[in-house]
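Asks: A predicted structure for the sequence below; I have some questions about it.
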Amino acid sequence: MNLTKSLKLAVVALAASGLALSASAQDLKGAGSSFVNPLFQKMFSQYTAAKVDYQSIGSGGGIAQLTAKTVDFGDSDAPLNDEQTTKMGGPAAVLHIPMTSGAVVVTYNVPGVAGGLKLSGKDLADIYLGKVKTWNSPEVKDSNPGVNLPNLPIVVIHRSDGSGTSFIFTDYLTKVNPDWASKVGKASAPNWPAGLGGKGSEGVAGLVKQTPGAIGYVELAYAVQNKMPYASIQNKGGKFIAPTIAATTLASNVAIPADTKVSVTNTDNAAGYPIASFTWALIYKDQNYNGRTKDQATKLVKLLWWNIHEGQKFCEALNYAPLSKSAVKAAEAVLKSATYGGKAIL
Amino acid sequence: MSVLLLLIILGVLTTLIMESMPSIKSLGIGYLWGKVWDPVQNIYGAYPFLIGTLLTSFIALIISVPFSFAIAIYLGEYNPKGWLSDLLKNTVELIAAVPSIIYGFWGLFVLVPLVRTLEMKLNILPYGVGVFTASIVLAVMIIPYGASLGITLIRMVPSPLKEGAYALGATRWEVIRSVIMPYTRSGLFAGVLLSLGRALGETMAVTMLIGNTTALASVFKDVIFGPGNTMASVIANEFAEADHTLYVSALIELGLVLFFVTVVINLIGKRIITRFTNN
């Protein structure tokens, strides 16, 4: 039969590809954040000293894999929480290394307002709390003098799936609006008080594009690639800042603590965009575990060192914000603290 | 083989129970009627999702049954042979083979604007997405399960029975009503049960269209047309990024509840089938 013949062929082809895979074993394995995936794929394809395999399974998955010690590094859009830290052996056992920073932008669909909408953080939170209900309400009008805002109900759109994007967004709202902080708080999937949930960035974008009066949030790169309008957000200094790569980098150009586990939303930097955050690579501080060789440990640390220096040049083309000077300095110090059997690697 | 299946099911059940222990211990039975799902405060209540699952599945069933029975009767009795019949039958079965994400996107970009127009005419908040939209797409997805089984069964009705009825002067409609339907009743119902099982567990298409809100509306109209959520959809959305033990456990308990809902509905269905057949 023709069918069995082609089936056999398919099986042989599959087996061959399996062999090919196992022959080109990867030197280093990573898993985690899907937000950083496009950048990592670009970086790792250009990095020659080691072959790296990065699986974009989400921050939570990356942390779980690193806890199970099945990967060399994880990547998360939020720093480890207390429970995750304990499971990995305490705060001293794991290192956070900032890799790049990203901005979350507020996109909208207001008939007659093509671009340049301005919003303050407090009003944004009130919109997401369901307290500010229409586009022509005084809160929105105050920030947008001269803009003809329609009398249209605001339809709030948020992510339905747990995601780092939601974490950064709610982290910001928690900082700027006490009401939000007490009623909702920050989480990758909080109990949203209002609106509709769309699955993934594409779900949010789809609902915003179709619904007149909708407001939603997506990553900067997604908004740029899909040509969606985005709002300027008022920062701590009172200025309305448009989300650009430069403004996102500036957001993290502040004093960074030694462990780099800092939230840079609502930044002190006067020209910084306020809804920005790092994404962190996670590695064990002492690399001598599970029979790992010194060679493997050195390869890993060198890769991350390359990422925060030479690798940064790939950021802008992919709409990621390169690390600020203070962030690179802090990341260098963290990487230098990595050890193998108690001895420094770098 | 059947022993193996039994072992798998028992294994699934034990794992679900063991993994949801932390949540069962800390939340108790109140989990079932708690209305708040707040991972930040560690408060978990499954009630809105339980209602959402049952609502979408049964509305979908009500919409799909007339279609799947009509298809079954047409292709089983009126037009059982020939290229047209084969083409239609294969097309119906193909509906089951389309990945659910395709239905999700189709719903989001084609059906949602239509539902929104309808909602504006009915003077309901025009969200577009919601329980009703999700149910329509679910209905389309489950039609082949009822229809396929129905076609096969109706074709298997012995011709002497039908010929006897025709010989007594029965019209085609009378033959369908008093010979074919009673003969295939239990099988048709089994098909309905199969579609219901499919609807209860469907995840991707539903989560893209249901609006994903925890809050349950108080007005009936808003419950049907407004946004909601289902158990399967919550699990799919939140499991990957659930970052503490109780949260993960509460999500697994949601799976356990879904498991029991499916079992209970199947048992009730079996009872109904036995009673029908005995009469």
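Replies: Received the coordinates, thanks. Since this is a predicted model, take the numbers as computed values, not measurements. Numbers count the residues shown, from 1 in each chain, chains lettered A, B, ... in the order given.
Asks: which stretches of the stretch 51-200 of chain B form strands?
Replies: Assigned strands in the stretch 51-200 of chain B: none (criterion: DSSP state E, counting those that start in this stretch).
Asks: tell me which parts of it are close to chain A?
Replies: Contact residues (C-beta under 8 Å from any C-beta of the partner chain) of the stretch 51-200 of chain B with chain A: B:104, B:108-109, B:112-113, B:116, B:125-129. Any C-beta I mention is one placed from the backbone N, CA and C, and that applies to glycine too.
Asks: Now do the same contact list for A:T134.
Replies: With contact taken as C-beta atoms under 8 Å, 6 or more residues apart in numbering or on different chains, A:T134 is in contact with A:151-154.
Asks: So, low pLDDT: which residues of chain B?
Replies: B:278-279 (pLDDT under 70).
Asks: Check it for its longest helix and report it.
Replies: Counting residues, the longest helix found in chain B (DSSP state H) is helix B:245-278.
Asks: residues in contact with the spatially closest residue to B:I124 that is not a sequence neighbour?
Replies: With C-beta to C-beta, 6 or more residues apart in numbering or on different chains as the criterion, B:I124 has its nearest non-adjacent residue at 5.0 Å, and that residue is B:F225. Each residue near B:F225 by C-beta under 8 Å, 6+ apart is listed here: B:119, B:122, B:124-125, B:127, B:130-132.
Asks: what do you get for A:V218?
Replies: Going by C-beta under 8 Å, 6+ apart, A:V218 touches A:104-105, A:107, A:165, A:201, A:204-205, A:228.
Asks: Helix, strand, or coil at it?
Replies: Counting by DSSP: H, G, I helix; E, B strand; the rest coil, the backbone at A:V218 sits in strand.
Asks: Neighbours of the residue lying closest to B:I210 once chain neighbours are set aside, how many?
Replies: Nearest residue to B:I210, sequence neighbours excluded (C-beta to C-beta, 6+ apart): B:A134, at 4.2 Å. For B:A134, the neighbour count with other C-beta atoms under 10 Å in any protein chain shown is 33.
Asks: mind listing the helices for the chain?
Replies: If you meant another chain, say so; for now it's chain A. Taking DSSP H, the helices of chain A run over residues A:2-23, A:37-46, A:59-67, A:82-87, A:121-129, A:138-143, A:164-176, A:178-183, A:200-210, A:220-225, A:245-251, A:294-308, A:325-336.
Asks: um, chain B though
Replies: Under DSSP H, chain B gives helices at B:2-27, B:47-73, B:83-95, B:100-106, B:112-121, B:131-155, B:159-167, B:172-175, B:181-201, B:204-209, B:220-225, B:231-238, B:245-278.
Asks: okay, those in JSON lines with distance to A:N319 next?
Replies: Output for the helices of chain B, formatted as JSON lines (distance: least, C-beta to C-beta, whole Å):
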{"stretch": "helix B:2-27", "distance to A:N319": "39"}
{"stretch": "helix B:47-73", "distance to A:N319": "36"}
{"stretch": "helix B:83-95", "distance to A:N319": "39"}
{"stretch": "helix B:100-106", "distance to A:N319": "24"}
{"stretch": "helix B:112-121", "distance to A:N319": "28"}
{"stretch": "helix B:131-155", "distance to A:N319": "33"}
{"stretch": "helix B:159-167", "distance to A:N319": "68"}
{"stretch": "helix B:172-175", "distance to A:N319": "65"}
{"stretch": "helix B:181-201", "distance to A:N319": "38"}
{"stretch": "helix B:204-209", "distance to A:N319": "25"}
{"stretch": "helix B:220-225", "distance to A:N319": "38"}
{"stretch": "helix B:231-238", "distance to A:N319": "26"}
{"stretch": "helix B:245-278", "distance to A:N319": "32"}
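Asks: Deepest-packed of the ones you listed, please.
Replies: helix B:204-209 (a mean of 28; mean count of other C-beta atoms under 10 Å in any protein chain shown).
Asks: Could you tell me which residues make contact with the closest residue to B:V98 other than its chain neighbours?
Replies: Of all residues not flanking B:V98 in the chain, B:M141 sits nearest, at 8.0 Å (C-beta to C-beta, 6+ apart). Contact analysis of B:M141 by C-beta under 8 Å, 6+ apart lists B:60, B:95-96, B:98, B:100, B:103, B:198-199, B:202, B:205.
Asks: List the contacts of the residue in the stretch 1-150 of chain A that chain B sits nearest to.
Replies: For the stretch 1-150 of chain A and chain B, the shortest gap (C-beta to the nearest C-beta) falls at A:G60, measuring 4.0 Å. By C-beta under 8 Å, 6+ apart, A:G60 lies in contact with A:162, A:188, B:240-243.
Asks: re the thing from before, just the buried ones from the contacts of A:T134?
Replies: The neighbour-count criterion (16 or more other C-beta atoms under 10 Å in any protein chain shown) marks A:152, A:154 among the contacts of A:T134 as buried.
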